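*Asks:* Starting from these lines, generate the structure:
(one chain, ligands or ions: 1)
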Amino acid sequence: MNAVTPIAYLDTLNPAQRRAVIHGVGAVDASPLLVIAGAGSGKTNTLAHRVAHLLVSGADPRRILLMTFSRRAASEMAKRVERIARKVLGDGAGVLADALTWAGTFHGIGARLLRDCADQLGLDPAFTIHDREDSADQMNLVRHELGFSKTESRFPTKGTCLAIYSRCVNAELPIEDVLGRSYPWCVAWAAELKELFAAYVEAKQTQNVLDYDDLLLYWAQAMSDPGIAAEVGSRFDHVMVDEYQDTNRLQSSILLALKPDGRGLTVVGDDAQSIYSFRAATVRNILDFPAAFAPPAEVITLDQNYRSTSAILSAANAVIDLATERFTKNLWTDRATGSPPQLVHVRDEADQARFIAEKVLENREGGSTLKQQAVLFRASHHSGPLEIELTRRNIPFVKFGGLKFLDSAHIKDLLALLRFVENPRDKVAGFRVLQLLPGVGPTSAQRVLEHIVQASAPIEALGTAPAPPRAGDDWTAFVAAVDELRGGMAGWPAEIERARRWYEPHLERIHEDAGTRQADLVQLEQIAGGYPSRERFLTELTLDPPDATSDQAGVPHLDEDYLILSTIHSAKGQEWKSVFVMNTVDGCIPIDLGAGAREEIEEERRLLYVAMTRAKDDLHLVVPQRFFTHGQSATGDRHVYANRTRFIPNALLGQFERVAWPVASVADGPRSPSGGPKVDVKAKMRGMWR
Ligand SMILES: Nc1ncnc2c1ncn2[C@@H]1O[C@H](COP(=O)(O)OP(=O)(O)OP(=O)(O)O)[C@@H](O)[C@H]1O
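*Replies:* Numbering: from 1, shown residues only. Coordinates of the predicted model:
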């Protein structure tokens, strides 16, 4: 007999899922729980049932901490919890689900707790947060100040410096180890990098800004004080973490400090889907979890896949089976076999785009909506030719991953103003916003910032700052706008409209396409309406920017049908009826890694596995025989001939149906399928010199 109790709303779960849901609920000293859940085995579903079951059993939703990989995942989880709990609690479920206020990402929760405990930590609670790009700018400023940008042999770029810094912090490793392992070409700069990082940390502190890594680092440091750890830990009866395979060492140390005896702790993950080791995530977190407690954590494995047909699952299993190191067992399914996944050979990227567009339309004729279909790719720029083809054919699509809404200059400008108002010491924001004024360059911006940073009331000091000589009335208008915004006269979110009114003349002066950009600003205003305050808006948006413009409420075409385009990383946790994987060739997946380390190659294999396991009924892996590469320094742009990905060697071909597209027809004659030249003379000529 297993310990599963019959509770009607849990009837849809299988026994392992049910055990995971009811584990320890109502017990005084339940052991911690690790759920190892394979792809499509109902991990999200199980976690949602567990939260709902806790609520139904009387747990206080305000004392549940639920950490997910993205804010979107957290809000979807809350909706699911409500739907499940509604079966028992009726309308009361909505109130309880709304009270799940501690659901979010590690970074978001960290920011909230740090503001709450700011005075105990010597922090100013009005700190602003730098995203990766701001951090790189900040690193660059410090790099210049120290004179490292003028070194004779080339000092690492700002992006590399930040990556090294971030890796040291997140992996909790000394710089020498990080350089030796991952950045061997920078080993000679260890001493300078240390000096740079020390100055970078100091600059952030003077400006009262925290970067992404600081949120975890400060949180972990705070938890090293037993008093604070006990206080923060006692706020929560239950702590649950989804996608545990993609957490890093800092995150696990925070978790252990929150619940040292593991009581009330649940983590869920799948080592086969670990795809974030470039952010120092480590699968050891999962492996070491059970033994971190005495008695050790209960481990429940979910290995029944409900998502994919058995033909798709079998091919995905075969791919991951070749991994050098694995901990979880293969998944099984009782779904029908279905048709085998297809390996579709096409001539080039143009044909790849045409194939996908035609197939997508064919599926739509066959009754699948566009939204039930997704096209996945390893790198954001891989979808370029497809985007053109879809636009040409009027097939609407939304793209996830890659360039984000918030990365566009005009959105960053407006946010920089709000950030400056929130924290006038934030130099990156200050620099950006001041230089929007006509006639203001780095020198006069620097002068203003130096003046206000000394003052105890920086915003008031703006009025007495040396007005940039050529800014004229624009300076007066700027000071007035900042003053009004700081005074909070308009209130939130109306103040964003005030900010926009200040910015619009500058937008028109700076950008030719001001009209389209204005529409984005209006959309930003709508998004802002969903947040209770300026601070929450800035924090949440920086930490977890919308993946695509339609990712937030208020987008007009949200109800319409559109095809999903997504990087594989952004497809995590999702599923579609039909999935197309683009560029299933070496150089794209695995991405061109140069002499890539074995672990990096293994992560690429898991990425292909994640992509394949998103498909329910149809899976197409497209293999263009040649494709275009961009700007490698020695060779420039050129066509290269591609090989099928090494992750599908000949031995696995039996799992796939191989087809060529377009199907050659006699009537077509010898004309090339894409209508291009039969002999690419120009390419041959260029090839003579390469
Ligand atoms: N007990 C069950 N009975 C029927 N269907 C189920 C059951 N559990 C989960 N499913 C279905 O299986 C699919 C996958 O579930 P879910 O998205 O929760 O999996 P997951 O483990 O989070 O997947 P991944 O890790 O691959 O993102 C969903 O369509 C879900 O509705």
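
*Asks:* contacts, neighbours, all on C-alpha from now
*Replies:* Will do.

*Asks:* List the contacts of the closest residue to the ligand within the stretch 151-300 of the chain.
*Replies:* Closest residue of the stretch 151-300 of the chain to the ligand, C-alpha to the nearest ligand atom: D270 (7.0 Å). With contacts defined as C-alpha atoms under 8 Å, 6 or more residues apart in numbering, the neighbours of D270 are 36-39, 243-245, 328.

*Asks:* export these to a markdown table and tack on neighbour count and distance to Q138?
*Replies:* Formatted as a markdown table, the entries for the contacts of D270 read as follows, by neighbours: other C-alpha atoms under 10 Å; distance: C-alpha to C-alpha, whole Å:
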| residue | neighbour count | distance to Q138 |
| --- | --- | --- |
| I36 | 26 | 40 |
| A37 | 27 | 40 |
| G38 | 24 | 40 |
| A39 | 30 | 39 |
| E243 | 23 | 31 |
| Y244 | 28 | 31 |
| Q245 | 26 | 31 |
| T328 | 15 | 42 |
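
*Asks:* ok, and of the residues you listed, which contact the ligand?
*Replies:* Cross-checking these against the ligand (C-alpha under 6 Å from any ligand atom) gives 37-39 as the overlapping residues.

*Asks:* Restricted to helices, list the contacts of D270.
*Replies:* Helix and strand membership here follows DSSP state H; of those, not one is in helices.

*Asks:* Tell me which of those residues has the lowest pLDDT.
*Replies:* Across the set of the contacts of D270, T328 stands lowest in pLDDT, at 67.

*Asks:* Nearest to the ligand within the stretch 251-400 of the chain, name that residue for me.
*Replies:* Residue nearest to the ligand within the stretch 251-400 of the chain (C-alpha to the nearest ligand atom): Y306, separated by 4.2 Å.

*Asks:* surely that residue meets A39?
*Replies:* No. Between Y306 and A39 there is no contact, the gap being 9.1 Å when judged by C-alpha atoms under 8 Å.

*Asks:* Return the backbone torsion pair for K577.
*Replies:* phi -60, psi -50 (degrees, to the nearest 10).

*Asks:* ok, it - how many residues close by?
*Replies:* Around K577 there are 19 other residues, counting by other C-alpha atoms under 10 Å.

*Asks:* Same question for Y306.
*Replies:* The number of residues packed near Y306 is 18, by other C-alpha under 10 Å.

*Asks:* Equivalent analysis for L485, please.
*Replies:* 21.

*Asks:* Which of the ones next to the ligand among the contacts of D270 sits closest to the ligand?
*Replies:* The closest of those to the ligand turns out to be A39 (C-alpha to the nearest ligand atom; 3.2 Å).

*Asks:* That closest one against S308, yeah?
*Replies:* No. With contacts defined as C-alpha under 8 Å, A39 does not count as touching S308, sitting 9.6 Å away.

*Asks:* Spit out the residues that contact those two alike.
*Replies:* Overlap between the contact sets of A39 and S308, as judged by C-alpha under 8 Å, 6+ apart, is given by T613.

*Asks:* tell me which parts of the stretch 451-600 of the chain are close to the ligand?
*Replies:* Applying C-alpha under 6 Å from any ligand atom, one finds that the stretch 451-600 of the chain approaches the ligand through 572-574.

*Asks:* what's the nearest residue to N208 if we skip its chain neighbours?
*Replies:* With sequence-adjacent residues excluded and distances taken as C-alpha to C-alpha, 6 or more residues apart in numbering, N208 is closest to F127, at 5.1 Å.

*Asks:* right, and I459 touches P424 too?
*Replies:* Yes. Taking contact to mean C-alpha under 8 Å, the distance of 6.7 Å between I459 and P424 places them in contact.

*Asks:* shared neighbours, those two?
*Replies:* By the contact definition C-alpha under 8 Å, 6+ apart, I459 and P424 are jointly contacted by I452.

*Asks:* In contact with E349, which residues?
*Replies:* Residues in contact with E349, defined by C-alpha under 8 Å, 6+ apart, are 385, 624, 626-628.

*Asks:* In helices, which of the residues you listed fall?
*Replies:* If you go by DSSP H, those have P385 in helices.

*Asks:* isn't V299 right next to V35, touching?
*Replies:* Yes. Distance between V299 and V35: 5.9 Å, which falls inside the contact criterion (C-alpha under 8 Å).

*Asks:* which bits of the chain sit near the ligand?
*Replies:* 12-14, 37-45, 306-307, 572-574.

*Asks:* neighbour count winner among V299 and V35?
*Replies:* Between V299 and V35, V35 has the larger neighbour count (other C-alpha under 10 Å), namely 25 against 16.

*Asks:* Show the contacting residues for the more buried one.
*Replies:* Counting by C-alpha under 8 Å, 6+ apart, V35 makes contact with 20, 266-269, 299-302.

*Asks:* repeat for P156
*Replies:* Taking C-alpha under 8 Å, 6+ apart, we find P156 in contact with C186.

*Asks:* quick one: the helices in the stretch 101-250 of the chain?
*Replies:* 106-116, 118-121, 132-145, 158-171, 175-182, 190-207, 212-223, 226-233, 249-258 (DSSP state H, counting those that start in this stretch).

*Asks:* Let me have those in CSV, extended by mean pLDDT and mean neighbour count.
*Replies:* As requested, the helices of the stretch 101-250 of the chain are exported to CSV (pLDDT from 0 to 100; neighbours: other C-alpha atoms under 10 Å):
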stretch, mean pLDDT, mean neighbour count
helix 106-116, 93, 20
helix 118-121, 91, 14
helix 132-145, 87, 19
helix 158-171, 87, 19
helix 175-182, 89, 16
helix 190-207, 93, 16
helix 212-223, 91, 21
helix 226-233, 94, 16
helix 249-258, 92, 20
